[in-house]
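Trainee: What follows is a protein structure lacking sequence information:
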């Protein structure tokens, strides 16, 4: 994953053992069951939307895109949460998804 946010990179420099443990936990989770990486990122995106964590939504959208999840699949995953987390939370999460989609576009397409 080549586009880690600056704060994450700074945290990695300041607390390398901590970040190594967090990343090891992520790897263990991915390897512990039958869900593929795309599905796991959509599950984690849903959780991030549910707790209204803009940074986590950005992160999981970026990672889902890197895994080949299409923007329309991401949008569908988020809007499927409406009856669970409510329309205002869903629209906030969708706007954060759109931030990432826009940033991922080539500069000439913006």
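Mentor: That came through fine. Just so you know, these numbers come straight off a predicted model, no measurement behind them.

Trainee: buried stuff in stretch 18-35?
Mentor: By neighbour count with 16 or more other Cβ atoms under 10 Å, stretch 18-35 contains no buried residues. For glycine as for every other residue, the C-beta is placed from the backbone atoms N, C-alpha and C.

Trainee: chain center to it: distance?
Mentor: Relative to its parent chain, stretch 18-35 has a centroid offset of 15 Å by Cα atoms, centre = their mean, to the nearest Å.

Trainee: residue ranges of the strands in the protein, please?
Mentor: Here the chain has no strands by DSSP state E.

Trainee: residue closest to the middle of it?
Mentor: Residue closest to the mean C-alpha point of the chain, counted by Cα atoms, centre = their mean, is residue 60 at 0.7 Å.

Trainee: Please work out how many residues are found near the nearest residue to that residue once chain neighbours are set aside.
Mentor: Among residues not flanking residue 60 along the chain, residue 45 sits closest, at 4.0 Å (Cβ to Cβ, 6 or more residues apart in numbering). The number of residues packed around residue 45, counting by other Cβ atoms under 10 Å, is 26.

Trainee: Which pLDDT value belongs to residue 45?
Mentor: The confidence metric pLDDT takes the value 97 at residue 45.

Trainee: show me the contacts for it.
Mentor: 57, 60, 61, 64, 74, 77, 78, 93 (Cβ atoms under 8 Å, 6 or more residues apart in numbering).

Trainee: State the pair within the residues you listed that is farthest apart.
Mentor: Distances among those were taken as Cβ to Cβ; the most separated pair is 64 and 93, at 12.8 Å.

Trainee: quick one, which of these two is more surrounded?
Mentor: When neighbours are counted by other Cβ under 10 Å, residue 64 and residue 93 differ, and residue 93 comes out ahead with 28 against 25.
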